[in-house]
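Peer 1: Provide a 3D model corresponding to the input given below.
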Amino acid sequence: MKFNFASPYFLILIPIIIILFYKIRYNGSLKIPGIEPIKKVRKKSKTYMLGKILILSSIILMVIALARPQISSENKIIKKNGIDIVVALDLSNSMLQQDFTPNRLEVAKHLLTRFIEKRPDDRISLIVFGGDAYTKVPLTFDHSVVKDITSKLTTDDITSNNRTAIGMGLGIAINRLKNSTAKSKVIILMTDGENNSGEMSPMGAANIAKELGIKIYTIGIGAKELRYGPALIKNNELDENLLKEIAETTHGEYFRASNEKEFENIFNKINQLEKTKIDGKTYYEHIEVFENILKIALVLLIIGAFLEYIKYIRIP
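Peer 2: Numbers count the residues shown, from 1 in each chain. Predicted coordinates for the structure are as follows:
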């Protein structure tokens, strides 16, 4: 914030006015008749000069008002080109596997919430799927709603939670984005299994997404080895080849979350890959203050005129 004058050339009048004031003051004459009250007011007394000083101050303030004093503040217009992001989350029973603490679903929910908090300029939608799929939250800027619903998700939100319809989950997600006008449209698919249900094939959905310019990031959830009693068995439940093919087809990327740290790093990487474009344009807002100065000048002029011509009137 700064102070400046829009028409500063008027200020040159101030020294001229002051010079004229002192010239008139010292060249003037004061004739005092034989009136006792008037005799008490001498030409050079401070009381007598008060009216003149107030009138001079008023004239100087009027000149300052002519110079149009302004208070300028710098502001920025921010244009945000947000991204539309649809999260498709697997709610099949296998997401309760405890190779994550406490389980895969709870870790996915927690990390998803943190990811949403980093995307304040984007619209976000939430899709859930198991043997079928449906929209939990449509595209919205109200992230508090998305986070609240995410925190309450359970595998019971899907009736056919013993199956995994990846194609259906992608199909519903694509439907959320098909009419989007955002410059960047993204689906984040999180699953721990293989497609074994649904009327739409995952690759069929991926090809549709490609045609619509939708990028799909796929996240395969699950430790590479699962413990059953004392034995460690290789985790073959996850169809990594399918998830890689979906991502490659849509120019996205596949990630494997085999532990919580990897899972967290995946969301951080997606956050870096999908940057929201923010343009800023600076402008200056000017607040005119001459009106207030004129008001003060008018008050001083009235008081000064009263003292000069009524209270301490000169009688020739």
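Peer 1: contact partners for the residue nearest to residue 247 when sequence neighbours are not counted?
Peer 2: Distances taken as C-beta to C-beta, 6 or more residues apart in numbering place residue 254 nearest to residue 247, at 4.2 Å, with adjacent residues excluded. Just so you know, the C-beta spots here come from the backbone N, C-alpha and C atoms, and that holds for glycine as well. Residue 254 is in contact with 217-220, 240, 243-244, 246-248, counting by C-beta atoms under 8 Å, 6 or more residues apart in numbering.
Peer 1: do residue 63 as well
Peer 2: Here residue 63 is in contact with 10-11, 13-14, 17 (criterion: C-beta under 8 Å, 6+ apart).
Peer 1: return the distance of residue 267 relative to residue 116.
Peer 2: With distances taken as C-beta to C-beta, to the nearest Å, residue 267 is found 10 Å from residue 116.
Peer 1: please apply the same query to residue 152.
Peer 2: Using C-beta to C-beta, one gets 14 Å for the distance from residue 152 to residue 116.
Peer 1: out of these two, which sits in the more crowded spot?
Peer 2: When residue 152 and residue 116 are compared for neighbours, residue 116 comes out ahead with 20 against 10, by other C-beta atoms under 10 Å.
Peer 1: wait, a helix at the more buried one?
Peer 2: Yes. Counting by DSSP: H, G, I helix; E, B strand; the rest coil, residue 116 is located in a helix.
Peer 1: who does the residue nearest to residue 247 bridge with?
Peer 2: On the basis of DSSP bridges, residue 254 is bridged to residue 218.
Peer 1: ok so, going back, among the contacts of residue 63, which lie within helices?
Peer 2: Judged by DSSP state H, those include 13-14, 17 as members of helices.
Peer 1: which among those end up buried?
Peer 2: residue 13 (16 or more other C-beta atoms under 10 Å).
Peer 1: which one among the ones in helices among the contacts of residue 63 gets closest to residue 72?
Peer 2: residue 14 (22.1 Å; C-beta to C-beta).
Peer 1: wait, that closest one sits on residue 60?
Peer 2: Yes. Counting by C-beta atoms under 8 Å, residue 60 is a contact partner of residue 14 at 5.6 Å.
Peer 1: so after the helix or strand of the chain with the lowest mean pLDDT, what's the next helix or strand?
Peer 2: Lowest on mean pLDDT, DSSP states H and E among the helices and strands of the chain sits helix 36-39, with a mean of 51. Next along the chain after helix 36-39, taking DSSP states H and E as the criterion, comes helix 46-66.
Peer 1: using PDB, write out every CA atom in that next one.
Peer 2: Presented in PDB, the C-alpha positions along helix 46-66 are these (Å, rounded to 0.1, in the frame of the first residue of the first chain):
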ATOM      1  CA  LYS A  46      -1.700  35.200  18.300                       C
ATOM      2  CA  THR A  47      -5.400  35.500  18.900                       C
ATOM      3  CA  TYR A  48      -5.800  37.800  16.000                       C
ATOM      4  CA  MET A  49      -3.700  35.600  13.600                       C
ATOM      5  CA  LEU A  50      -5.700  32.400  14.400                       C
ATOM      6  CA  GLY A  51      -8.400  33.100  11.900                       C
ATOM      7  CA  LYS A  52      -5.800  33.900   9.200                       C
ATOM      8  CA  ILE A  53      -3.900  30.700   9.800                       C
ATOM      9  CA  LEU A  54      -7.000  28.600   9.600                       C
ATOM     10  CA  ILE A  55      -8.000  30.200   6.300                       C
ATOM     11  CA  LEU A  56      -4.500  29.700   5.000                       C
ATOM     12  CA  SER A  57      -4.600  26.000   6.100                       C
ATOM     13  CA  SER A  58      -7.900  25.600   4.400                       C
ATOM     14  CA  ILE A  59      -6.600  27.000   1.100                       C
ATOM     15  CA  ILE A  60      -3.500  24.700   1.300                       C
ATOM     16  CA  LEU A  61      -5.700  21.700   1.900                       C
ATOM     17  CA  MET A  62      -7.900  22.700  -1.100                       C
ATOM     18  CA  VAL A  63      -4.800  22.700  -3.300                       C
ATOM     19  CA  ILE A  64      -3.800  19.300  -2.000                       C
ATOM     20  CA  ALA A  65      -7.300  18.100  -2.800                       C
ATOM     21  CA  LEU A  66      -6.800  19.400  -6.400                       C
END
